[in-house]
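1. here is a sequence together with a model predicted from it:
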Amino acid sequence: ETGVTQTPRHLVMGMTNKKSLKCEQHLGHNAMYWYKQSAKKPLELMFVYNFKEQTENNSVPSRFSPECPNSSHLFLHLHTLQPEDSALYLCASSQAPGRSGGAHTGELFFGEGSRLTVL
Amino acid sequence: DQQVKQNSPSLSVQEGRISILNCDYTNSMFDYFLWYKKYPAEGPTFLISISSIKDKNEDGRFTVFLNKSAKHLSLHIVPSQPGDSAVYFCAASRNTGNQFYFGTGTSLTVIP
């Protein structure tokens, strides 16, 4: 497989369920992201992992819990979600600046997204 | 507060004509700008980018123009083709960081 792959592509869950979204990148990148896309809103950055360390958490509710076990895999654990959390969740990767800093070397590569519906 | 804005939610263009998609930003620290294209049920795919040291970047039928003083960029597609029908997102970032800010997207329809 190539690029960024996300599973599942579609997920329907109740508010009391616990589920996880999975993302895997095969591009050798060192940064991975979770974005949320809701209707008529910009893509909202949720979490960023740089070299497996979380570097950004944009005030995301604790019912969303990310996990990055290595630079190729990223999870988003979901529990006690609300109907307004229904959205398309996009994973992305990029080659971010090294640990010593420097310019960003490329764009984001997105997966196809996981369409989440919370009942 | 939205730092990247695409004020036109939709645009329709005749096949063969030019499509112009616009984007405005508010943060003068942004120095790297990108356009993404998104088809239904797919993730966004990178189209073209421009660094703030340039005012134009061209790739085939796609050209991005940057006006730093106006904090405005535009994507020109010429000639437009039906396969270009998609949602186009503008994004901006600071070159030393890895946080990208996106607009709300413009849905382009190219009419055969």
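-> Perfect, thanks for sending it.

2. any idea how far residue A:41 lies from residue A:87?
-> The gap separating residue A:41 from residue A:87 is 9 Å, by Cβ to Cβ, to the nearest Å. All C-beta spots, glycine's among them, are computed from the backbone N, C-alpha and C.

3. who has more neighbours, the two?
-> Neighbours were tallied for residue A:41 and for residue A:87 using other Cβ atoms under 10 Å in any protein chain shown; the higher tally belongs to residue A:87 (19 against 13).

4. go ahead and confirm that one touches residue A:38.
-> Yes: applying Cβ atoms under 8 Å as the test, residue A:87 and residue A:38 come out as touching, 4.6 Å apart.

5. in chain A, which spans are strands?
-> A:4-7, A:10-13, A:18-25, A:31-37, A:44-50, A:53-57, A:64-70, A:73-79, A:87-94, A:109-110, A:114-118 (DSSP state E).

6. of all those, which lies closest to residue B:80?
-> strand A:109-110 (23.6 Å; Cβ to Cβ).

7. how far off centre is the closest one?
-> Mean-position distance between strand A:109-110 and its chain equals 11 Å (Cα atoms, centre = their mean, to the nearest Å).

8. outside of it, which residues touch it?
-> Residues from elsewhere that reach strand A:109-110 (Cβ atoms under 8 Å, 6 or more residues apart in numbering or on different chains): A:3-4, A:25, A:27, A:29, A:35, A:90-94, B:36, B:43-46.

9. switch the cut-off to 7 Å
-> For strand A:109-110, contacts defined as Cβ atoms under 7 Å, 6 or more residues apart in numbering or on different chains pick out A:3-4, A:27, A:90, A:92-94, B:43-44.
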